[in-house]
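>>> pasting the structure only:
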């Protein structure tokens, strides 16, 4: 079973347990299950994403446009203000991303999506762009929290960015850090996946924000005991997709993502995932 499938299994298992432990009409469980079903049903996506990510003590902002096909994964990413374009097409370019930078050498480069150049000062890789990472984050939250779905609360319908949304929040005041001793050939991402915790928080707590290689064996790291302390979700009542996702740790919010101008499952032409497409500049 792949890691992603394991996360989805944990998500569904947590909701199943909740349906036995709690009243059938409990809003958070029903809403999160419908959200998870909607995320799995996304085949293609066009969207604008406004991102706010904490890097050490400052926040980085970015507004990007994406075109995405989920299976097989194909992605076009554009940050208009920074004039950066990224194209990823599974199986093409030696499974690397084609990147058109806005700085020297000003020519398109083939880069590893998980490498330091593409991940520097970013919480996620391009492989997490879209809605799947939200489902995985919630699955991880439930799997790490003994109370699981009980720590989710539903606050009714609200207006957000022009959409009518269900407002759901998660919070666990027992959030904290524990010691972890690194083993042989372990990276931060491997440790985060192994412990089902947030990759960025492990890096932030241990001054490893831009460390993507193996960590010295025997090093003692401080790792979170939960995926996050608090999560706020605005879930569109029509599509049941999470249009706003905000996660916090003990220091406050560390990332916020807002999706607008959505086009779901309307199909994207194959040529739009080619570097020679007329609107691109690779």
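Thanks, I have it. What you are looking at is a predicted structure, and each value in this text was computed from that prediction instead of being measured.
>>> Point out where the stretch 51-200 of the chain drops to low pLDDT.
By pLDDT under 70, the stretch 51-200 of the chain contains no weakly predicted segment.
>>> Identify each of the helices in it and give its residue range.
When assigned using DSSP state H, counting those that start in this stretch, the helices of the stretch 51-200 of the chain occupy the ranges 116-119, 132-144, 188-195, 199-205.
>>> Could you figure out how far the longest one is turned away from helix 188-195?
It refers to helix 132-144. For helix 132-144 against helix 188-195, the angle by axes from the mean of the first three to the mean of the last three C-alpha atoms, to 10 degrees is 50 degrees.
>>> tell me the contacts of residue 253?
The neighbours of residue 253, taking C-beta atoms under 8 Å, 6 or more residues apart in numbering as the test, are 52, 54, 246-247. (C-beta placed from N, C-alpha, C; glycine too.)
>>> switch the cut-off to 10 Å
Counting by C-beta atoms under 10 Å, 6 or more residues apart in numbering, residue 253 touches 52-54, 59, 228, 230, 232, 246-247.
>>> tell me the angle of the host helix or strand of it relative to helix 132-144?
Using DSSP states H and E, residue 253 sits within strand 252-264. Strand 252-264 and helix 132-144 are oriented at 130 degrees to each other (the same axes, to 10 degrees).
>>> Give me the neighbour count for the nearest residue to residue 61 once chain neighbours are set aside.
Excluding the flanking residues, the one nearest residue 61 by C-beta to C-beta, 6 or more residues apart in numbering is residue 52, at 5.4 Å. By the criterion of other C-beta atoms under 10 Å, residue 52 has 15 neighbours.
>>> pretty sure residue 52 contacts residue 248?
No: Residue 52 is beyond contact range of residue 248, at 12.0 Å (criterion: C-beta atoms under 10 Å).
>>> so what's in contact with those two at the same time?
What both residue 52 and residue 248 touch, as defined by C-beta under 10 Å, 6+ apart, is the set 254-256.
>>> most neighbours per residue, which of the helices of the stretch 51-200 of the chain?
Of the helices of the stretch 51-200 of the chain, the one with the most neighbours on average (mean count of other C-beta atoms under 10 Å) is helix 132-144, at a mean of 22.
>>> from the middle of its chain, how far away would the helix or strand harbouring residue 48 be?
Using DSSP H and E, residue 48 sits in strand 44-55. Taking C-alpha atoms, centre = their mean, to the nearest Å, the mean C-alpha location of strand 44-55 is offset from the chain mean by 9 Å.
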